[in-house]
Each structure stands twice: as C-alpha cells, then as structure tokens.
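> below are the sequence and a predicted model; questions follow.
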Amino acid sequence: MSVKIGSIELSMPVLLAPMSGVTDMPFRRLVKRQGAGLVISEMIASQAMIRHTRQTMKMIEKISRRTTNGNAISWV
C-alpha cells in the first residue's frame, strides 16, 4: 500500500511527525530503518533558519539523498 502527497509517492504509509527535541537525526535514522515512508525533522523556527546557525543546520540534516525527508518550519 502506498500513499501519495502531491507529487511524492511513499511506499510505506507511515510518517514520523515533527516533535521538537525528539526527532533528531539518530531518532529519524532509526525510524527510517524500521520502515517509515517519510521522516520529518523537529520543529525549527524560521528566524533560526534565516540565521543559518550551526545548531539549526544540524537539526535539519538529511539522512541521505535517497531518503524522503521533510523539515518542519515554524513561521514565527
């Protein structure tokens, strides 16, 4: 069974929701290995994205280029 979100088709209908302080890279990697179709980073403030701080860039790091990743951005 697959799920389609816009033009993106996911082979597994399991999504990891963004959870601040929880969905860091090791956790996203673990969930992806267990079969999630889409993993999403923890919630990130838009101002932090604009500043490109090291901590923010680490939060949005992708698992790999072959994996469906997403970032949760809060427009504050």
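Right, received. Where do you want to start?

> look up which residues are beta-bridged to I5.
I8 (DSSP bridges).

> now swap in V39 and tell me
L16, N69.

> now V39: how far from M25?
10 Å (C-beta to C-beta, to the nearest Å). Quick note: C-beta positions are derived from backbone N, CA and C, even for glycine.

> again with M59
According to C-beta to C-beta, M59 stands 8 Å off from M25.

> those two: which is more packed in?
Shown here are M59 and M25; by other C-beta atoms under 10 Å, M59 has more neighbours (21 against 16).

> the more buried one and M43 touch, don't they?
No: between M59 and M43 there is no contact under C-beta atoms under 8 Å: 9.1 Å.

> tell me how many other residues surround K4.
8.

> that one touches L10, doesn't it?
Yes: look at K4 against L10 with C-beta under 8 Å: they come within range, at 7.5 Å.

> anything in contact with each of those two?
Common contacts of K4 and L10 (C-beta atoms under 8 Å, 6 or more residues apart in numbering): none found.

> isn't L16 right next to L30, touching?
No: under the criterion of C-beta under 8 Å, L16 makes no contact with L30, lying 9.8 Å away.

> higher neighbour count, those two?
Neighbour totals were compared for L16 and L30, and L16 leads with 20 against 12 (other C-beta under 10 Å).

> for the more buried one, what are its contacts?
T23, R28, V31, K32, A36, L38, V39, I40.

> and it, how far from I5?
From L16 to I5 the distance is 14 Å (C-beta to C-beta).

> much appreciated, bye for now.
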